[in-house]
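Chemist: Take this sequence and fold it.
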Amino acid sequence: MLYDADFLTRLSTAVSALCPVWGVSAHANVRLLTISENATFLVHEETPDRKLIIRVHRPDYHSEAEILSELAWIEALRRDGVVPTPRPIPTGDGSLLQRFSDGETVRHAVAFEFMSGKEPDADLDLAKWYGALGEINARLHQHSRQWTHPDRFIRKTWNFDRILGDGAYWGDWRAALGLTPDGKKVLERTHALLEKQTRAYGYGADRFGLVHCDMRAANLLVEGDRLGVIDFDDCGLSWFTYDFAAAISFMEHEPFIPQLMAAWLEGYRRVAPLDPEHEAALPMFIMLRRMQLTAWIASHAETPTAQSMGTAYTDGTVALAERYLAKHG
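Modeler: Numbering: from 1, shown residues only. Below is the predicted model of the structure:
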């Protein structure tokens, strides 16, 4: 249980102590916003009125070079007007990455400007925002293909082996909460099919490159007509159209997903062409992502997201896999 109450109290205290390096009082209000891979805090200084976001990284996930590479891409995307996303905030000496000790562990923290807005409402016109997201994805993918990476640019590669294989970053789906022997057989067959299909689809430059990889609704901020995108923490090398599968994380089973897919495709094609081969791969990536998240829930059982999903998500994954095998197996 990495994120227990004592641990979060220590992190909050450490964040308060770090605030002055970003020009904020150590007495500013510090409030935990989210816990996922990382712990994210909202810092609010009332006089003068200022807000910023401080993200404390989960240990043993990203190296310093990986974190700085993420921030370099964000700065390039902002500079080139690709996507509305918060600016990384440097300290007084220009550093973007801070370190602090938590016992014998060195932890990393970064700060971002505060972006107002709220998550798109699934009960309202969600398809509208996924159409806008398709446009953003198309611009981002165009930028990814053209951008020259700086020296020492390092991000994780999200290929089949790192998503579902023996080297999976987020654990083994076989440890899924409540997985029955019959369900395991279904997912074993699905695993084998997805491995075959992704290898046939391949890793060519027209389909595989630097992507956000986590544009789910929780990482979108709507205000007026603006759709902002946050949290590039999982950005890395993967299939371009995997971005849509990631965008519907934790709601792959919902009946409105075909409408979101149609809106995303329409938005994407307003900016750039999309080969029918890549569109046809979307169901494969949705199933791949669903199984990856099933593993994530098991390996991150201490997080609120995992606790809210529980065994029902595993059951839903098996049901989706049965339908996928019937149609694509």
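
Chemist: Tell me which residue of this structure is furthest from the middle?
Modeler: residue 47 (33.4 Å; Cα atoms, centre = their mean).

Chemist: Scan this structure for its longest strand.
Modeler: strand 105-113 (DSSP state E).

Chemist: Do I have it right that residue 274 meets residue 267?
Modeler: No - in this structure residue 274 lies outside contact range of residue 267 using Cβ atoms under 8 Å: 10.5 Å. For every residue, glycine as well, the C-beta is placed using N, CA and C.

Chemist: Which residues are in contact with each of these two?
Modeler: Taking Cβ atoms under 8 Å, 6 or more residues apart in numbering as the criterion, residue 274 and residue 267 both touch residue 138.

Chemist: Residue 210 falls within a helix, correct?
Modeler: No - the assignment for residue 210, made by DSSP: H, G, I helix; E, B strand; the rest coil, is strand rather than a helix.

Chemist: show me the contacts for the residue nearest to it when sequence neighbours are not counted.
Modeler: The shortest distance from residue 210 to any non-neighbouring residue, by Cβ to Cβ, 6 or more residues apart in numbering, is to residue 144 (4.2 Å). By Cβ under 8 Å, 6+ apart, the contact list for residue 144 reads 209, 210, 211, 240.

Chemist: Now with 10 Å, please.
Modeler: Counting by Cβ atoms under 10 Å, 6 or more residues apart in numbering, residue 144 touches 73, 77, 82, 209, 210, 211, 212, 235, 237, 240.

Chemist: got the contact list for the residue farthest from the centre of the chain?
Modeler: 25, 28.

Chemist: do residue 183 as well
Modeler: Taking Cβ under 10 Å, 6+ apart, one finds 176, 314, 315, 317, 318, 319, 321, 322 in contact with residue 183.

Chemist: Drop anything exposed from these.
Modeler: 176, 314, 315, 317, 318, 321, 322 (16 or more other Cβ atoms under 10 Å).

Chemist: quick one: the second one and residue 253 touch, right?
Modeler: Going back to what we said before, that points to residue 314. No - Residue 314 is beyond contact range of residue 253, at 11.8 Å (criterion: Cβ atoms under 10 Å).

Chemist: Counting neighbours, what do you get for the nearest residue to residue 117 once chain neighbours are set aside?
Modeler: Nearest non-adjacent residue to residue 117, counting by Cβ to Cβ, 6+ apart: residue 221, 3.2 Å away. For residue 221, the count of nearby residues is 19 (other Cβ atoms under 10 Å).

Chemist: chain center to the helix or strand harbouring residue 221: distance?
Modeler: According to DSSP states H and E, residue 221 maps onto strand 220-223. How far strand 220-223 lies from its chain's middle: 16 Å, per Cα atoms, centre = their mean, to the nearest Å.

Chemist: Check the protein for its longest helix and report it.
Modeler: If you go by DSSP state H, the chain has its longest helix at helix 304-328.

Chemist: and the residue farthest from the centre of the chain, how far is that from residue 147?
Modeler: 40 Å (Cβ to Cβ, to the nearest Å).

Chemist: Please apply the same query to residue 103.
Modeler: Applying Cβ to Cβ, the value for residue 103 to residue 147 is 39 Å.

Chemist: Please apply the same query to residue 10.
Modeler: Distance from residue 10 to residue 147, by Cβ to Cβ: 38 Å.

Chemist: of these two, who's got more company?
Modeler: residue 147 (17 against 14).

Chemist: in which helix or strand would I find the closest residue in space to the more buried one that isn't next to it in sequence?
Modeler: Closest residue in space to residue 147, ignoring its immediate chain neighbours: residue 76 at 5.9 Å, by Cβ to Cβ, 6+ apart. Using DSSP H and E, residue 76 falls within helix 64-79.

Chemist: low-scoring stretches of this protein, by residue?
Modeler: Along the chain, segments meeting pLDDT under 70 span 1-3.

Chemist: center of it - which residue?
Modeler: Note: the chain centre (Cα atoms, centre = their mean) maps to residue 214, 2.6 Å.

Chemist: Fine, thanks again, bye for now.
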